[in-house]
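**Student:** Okay, sequence plus prediction incoming.
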Amino acid sequence: MNPPGSATTPRPAADSLAVYAGVPAVVLGAGGFIGRWVARALADRRADLIMIARDAARTGQVLDTLGVRGRLIEADLADAQTVHQMLAGFGPAVVFNLAGYGVDRGERDADLSFRLNRDLVDAVCDAVAGVPRGGWSGQRVVHAGSALEYGVARGNLNEDTQAEPTTIYGRSKLAGTEALVRRSRQSGLAAVSARLFTVYGPGEHDGRLLPSLLDAARRRIALDLTGGRQQRDFTYVEDVAEGLLRLGAAAAAEPLANLATGRLTTVREFVETAAEVLGLAAEQLRFGAIPTRPEEMQHEPVDISRLRAVTGWAPATGIREGIARTQEPGAHGAPASFDDAQDALSGSRRARERRGAKGPPQATEPGCGAEPHST
C-alpha cells in the first residue's frame, strides 16, 4: 500500500488535450470549486469558451484571478428550459456540467436538488443532441456525478456496483446520472458521467477539512475533528479537472466512470500529513472531539480501471503535494467566491464569528465529496 501522498501513475503529456483548441465548449457552474478549474483547463487549451454561472460578477473576479478568458454569462441554472434555449443558441460541441446542489449542509431543498441534479442534466442532453457536432469527435456532454450516488454500497466500488444512496443529494445525483446514461444508450448521444470522490484543493469551501486546517494553522488555534478512521479517496482538484477533459476528449467511452486515484487514505492520515506541511502542532488537532456522521461511506478502494482504459491516465498528484500547492499564497484563485448562504456552514469561521460561537471550530470532514455547485 502506498503511503499517503505518494503517486506512481505516470501522467501522459498535456499535449493530448490540445484537441480542445478552437472547440466551442460550455462550462455550467463555472464559478464553483471544480467548475473554475475546468474552465481554466479549457482556456489553457484555447477552447472557444463560454462559461455560465448564477453570479457573473463574483465568478468573473475568481476567473480573472485564474487568468481565464472566455465569455461569461449569468443565468439561473435551476431553470432547465432557459438553459436548454441558451445551449441550443450557442451550438457547443461539448458541454461540461459542473452545476449541482445539496452537498453543503445548508442546501436542503429537495425540489431544488432534483431540478439542478436531475432535470438540468436531461435538459443539457436534449439541447446538445439537437446541435451538430461539427468536427468534434469527443463526448458531447461531460457531467460531474458523485460518489454519494453509491450510498451504503460496500466493497470495491466499480461502475456496475448497485447504487444505494441514502441522502436527497445522493438520490438526485443518481437520478441525473441515470438520465444521462439512458439518453446515451437509447439515442447514441456521446455523454459521460464522472463520479467524483473526495476532491480537495484551492477554492474549496470554508468549513471543509483542508480549509479548516489551513485556518487553524494561520490563526494557531485548535480544531475539533472526528476520530478520523474513515477512509477516503482524496483527489486533487486540478487532477479532477484534467480527468474530466480527458474523458471528454475520448472518442469512445462508457457513459459512466469513476474519477478518483484508486487509493484510500484515512482522514486522520490526511490531517497528519497536512499538519506536517502546514506546521500544525499535535495539540491543535482534537481527534475524537466530534462524532462521525451516520451517512459516512464505508467501502474498499475505488475501481478506476475504466478511467485508465478510456484515457490512459489516472490522477497523479499526491496528498502532500496537493496540500502544499493549496497553501501557496493566492493559490490559483483561492479563496473561493461563494454565496452569503454558504458562510452559514457550521464550520465556517465567518459564520461562527457572526454568531459569537465559543470554543474551537469544527471541520466538516469529507463524507465523500467536494462536488461542484451552481455558482
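**Tutor:** Done, it's in.

**Student:** What is the helix or strand containing residue 277 packed up against?
**Tutor:** Using DSSP states H and E, residue 277 falls within helix 267-278. Counting contacts by 3 or more C-beta pairs under 8 Å, 6 or more residues apart in numbering; DSSP states H and E, helix 267-278 packs against helix 209-219, strand 231-232, strand 285-286, helix 319-326. The way it works is simple: take the backbone N, C-alpha and C, and place the C-beta from them, glycine included.

**Student:** What lies in contact with it?
**Tutor:** With contacts defined as C-beta atoms under 8 Å, 6 or more residues apart in numbering, helix 267-278 is touched by 4-5, 209-210, 213-214, 217, 225-232, 234, 280-282, 284-285, 287, 319-320, 323-324, 327, 365-366.

**Student:** Show me what counts as buried in the longest helix along the chain.
**Tutor:** Counting by DSSP state H, the longest helix found in the chain is helix 168-187. The neighbour-count check on helix 168-187 (16 or more other C-beta atoms under 10 Å) flags 168-181, 183-184 as buried.

**Student:** Same list (the helices and strands packed on helix 267-278) but as a markdown table, adding mean neighbour count.
**Tutor:** Output for the helices and strands packed on helix 267-278, formatted as a markdown table (neighbours: other C-beta atoms under 10 Å):
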| stretch | mean neighbour count |
| --- | --- |
| helix 209-219 | 21 |
| strand 231-232 | 24 |
| strand 285-286 | 19 |
| helix 319-326 | 21 |
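
**Student:** Tell me how far stretch 86-97 lies from the chain's centre.
**Tutor:** Distance, stretch centre to chain centre, for stretch 86-97: 20 Å (C-alpha atoms, centre = their mean, to the nearest Å).

**Student:** Stretch 203-215 now?
**Tutor:** 15 Å.

**Student:** Now do the strands in the stretch 51-200 of the chain.
**Tutor:** For the stretch 51-200 of the chain, strands defined by DSSP state E, counting those that start in this stretch occupy the ranges 71-74, 94-97, 141-146, 191-196, 198-200.

**Student:** right, and those strands - which one's nearest residue 116?
**Tutor:** strand 94-97 (9.9 Å; C-beta to C-beta).

**Student:** Need the residues that contact the closest one.
**Tutor:** By C-beta under 8 Å, 6+ apart, the residues outside strand 94-97 that reach it are 23-29, 35, 38, 42, 87, 120-121, 124, 127-128, 136, 138-144, 244, 248.

**Student:** how near is residue 308 to residue 132?
**Tutor:** Distance, residue 308 to residue 132, by C-beta to C-beta, to the nearest Å: 31 Å.

**Student:** out of these two, which sits in the busier spot?
**Tutor:** residue 308 (14 against 8; other C-beta atoms under 10 Å).

**Student:** Now the more buried one: closest residue in space, sequence neighbours ignored.
**Tutor:** Closest residue to residue 308 apart from its sequence neighbours, by C-beta to C-beta, 6 or more residues apart in numbering: residue 314 at 5.6 Å.

**Student:** hang on, that neighbour packs against residue 262?
**Tutor:** Yes - taking C-beta atoms under 8 Å as the definition, residue 314 is a contact partner of residue 262 at 6.6 Å.

**Student:** need the contact list for residue 17.
**Tutor:** Contacts for residue 17 (C-beta under 8 Å, 6+ apart) come out as 41, 45, 242, 245-246, 249.

**Student:** and of those, the nearest to residue 360?
**Tutor:** Of all the contacts of residue 17, residue 360 sits closest to residue 242, with 35.8 Å by C-beta to C-beta.

**Student:** Quick check: the closest one is in a strand.
**Tutor:** No - counting by DSSP: H, G, I helix; E, B strand; the rest coil, residue 242 falls outside a strand, being helix.

**Student:** quick one, what contacts it?
**Tutor:** So residue 242 contacts 17, 41, 313, 315 (C-beta under 8 Å, 6+ apart).

**Student:** can you put those in CSV and add secondary structure?
**Tutor:** Output for the contacts of residue 242, formatted as CSV (three-state DSSP):
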residue, secondary structure
17, helix
41, helix
313, coil
315, coil
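
**Student:** which of those count as buried?
**Tutor:** Buried, going by 16+ other C-beta under 10 Å: 17, 41, 313, 315, out of these.

**Student:** And the pLDDT for the first one?
**Tutor:** Spelled out, it's residue 17. We have a pLDDT of 96 for residue 17.

**Student:** could you measure it against residue 41, distance?
**Tutor:** According to C-beta to C-beta, residue 17 stands 8 Å off from residue 41.

**Student:** any residues in contact with both of the two?
**Tutor:** 242, 245.

**Student:** give me the element residue 50 is part of.
**Tutor:** strand 48-53.

**Student:** list the contacts for residue 172?
**Tutor:** If you count contacts by C-beta under 8 Å, 6+ apart, residue 172 has them with 101-102, 110, 113-114, 116-118.

**Student:** Using PyMOL, define a selection of the buried residues within these.
**Tutor:** A single PyMOL command selects the buried members of the contacts of residue 172 (16+ other C-beta under 10 Å):
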select buried, resi 101+102+113+114+116+117+118
